[in-house]
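Undergrad: the sequence and its predicted three-dimensional model are supplied below.
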Amino acid sequence: MSTAPLASPDRGIVLAGVEKRYGSVVALRGVDLAVAPGQVHVLLGPNGAGKSTLVRILAAGLVPDAGAVTVGGVDALANPRHARARIGLVLADERSFFWRLNGLQNLAFFAALHGFGRKDALERARVALGRVGMTELAHRRVDRYSTGMKASLALARALLGDPAVLLLDEPTRSIDPIATAAVRDLVVGLARDDGVAVLFATHDLHEAAAVADAVSVLVDGTIATNIRGGADAAALETALLHAAGGTG
């Protein structure tokens, strides 16, 4: 597998020359990145490297200062609403669920926001819960979910619209090892079985090694190096340290 595969124009992710500043602080500089359908592409870097900024730009929630962004075949800068419809987004420490509602009710509500009618929204919610192994928890209130269950529910919500692209920003940061392994397996399965293009942002070397088909190391807002999948955590650590030293 090449280190920078060309993404399918109708399903993948393509960024070209993306830049973002916050005043005098450069968050991203000249970022080029491509993620193909069926690929889990890990964005690896230390906290503050620019990973969350890049994910927010891809999610059409933040406008870059320069560059081009295509998500699922849609120009995310020209048509952000259409781009969002192609995206499933999972963030760390998700807190936007209604805790007094159960899992099914929460997902049905968010499916309605996607434009589905009541009956279809409930069916979408049931299917999404089944895909993440939470059917038996559908009628449990979310405030009684464990942290891992909430992480899985966030992933289920991301699947409501059958996304072509899945964006994950530190999705396992606060959950236990068993729940972490379950989320990783689900993500890899979505890429392999459904052809979803996955961008997985993390600073966890072992997580990157566990899921990646390819890894891009982001340091000081720049893609410092690209690595083929199959590298272990030690190799990724060496690459990350080298990249950090190389960018000064």
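TA: Everything's here; your move. Residues are numbered from 1 along each chain as shown.

Undergrad: now for residue 184, how many residues are close by?
TA: 17 (other C-beta atoms under 10 Å). (Glycine included, C-beta is placed from N, CA and C.)

Undergrad: pretty sure it is touching residue 208, no?
TA: No: using C-beta atoms under 8 Å, residue 184 is not in contact with residue 208; the gap is 10.4 Å.

Undergrad: quick one: what helix or strand has the residue lying closest to residue 11 once chain neighbours are set aside in it?
TA: The shortest distance from residue 11 to any non-neighbouring residue, by C-beta to C-beta, 6 or more residues apart in numbering, is to residue 37 (4.1 Å). Using DSSP states H and E, residue 37 sits within no helix or strand.

Undergrad: what's the pLDDT at residue 37?
TA: pLDDT, residue 37: 93.

Undergrad: repeat for the one 3 residues further on
TA: Note on residue 40: pLDDT of 95.

Undergrad: which residues sit in contact with it?
TA: The neighbours of residue 40, taking C-beta atoms under 8 Å, 6 or more residues apart in numbering as the test, are 187, 188, 191, 198, 200, 211, 212, 213.

Undergrad: where does the protein have low pLDDT?
TA: Applying pLDDT under 70 to the chain flags residues 1-10, 244-248.

Undergrad: would you tell me which helix is longest in it?
TA: Using DSSP state H, we find that the single longest helix of the chain is helix 177-194.

Undergrad: mind listing residues that contact it?
TA: Here helix 177-194 makes contact (C-beta under 8 Å, 6+ apart) with 38-40, 131-133, 146-149, 151-152, 155, 159, 166, 168, 171-172, 175, 196-198, 200, 207, 210-211, 213.

Undergrad: quickly list the domain ranges of this structure.
TA: Domain ranges of the chain: 1-86+164-248, 98-162, per automatic domain parsing.

Undergrad: would you format those domains as CSV with distance to residue 92 included?
TA: Listed next are those as CSV, based on distance: least, C-beta to C-beta, whole Å:
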stretch, distance to residue 92
domain 1-86+164-248, 4
domain 98-162, 9
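
Undergrad: I'd assumed residue 199 was in contact with residue 212.
TA: No: contact criterion C-beta under 8 Å: residue 212 and residue 199 do not qualify, at 10.9 Å.

Undergrad: so what sits against both of those two?
TA: The contact lists of residue 212 and residue 199 share residue 41, where a contact means C-beta under 8 Å, 6+ apart.

Undergrad: so where do the strands sit in the chain?
TA: Along the chain, counting by DSSP state E, strands occupy 13-22, 25-35, 40-44, 66-71, 74-75, 87-91, 165-169, 197-202, 214-219, 222-228.

Undergrad: mind checking which of the ones you listed is nearest residue 242?
TA: For residue 242, the closest of those is strand 222-228, at 7.5 Å, according to C-beta to C-beta.

Undergrad: for that closest one, packing partners?
TA: strand 25-35, strand 214-219, helix 233-247 (3 or more C-beta pairs under 8 Å, 6 or more residues apart in numbering; DSSP states H and E).
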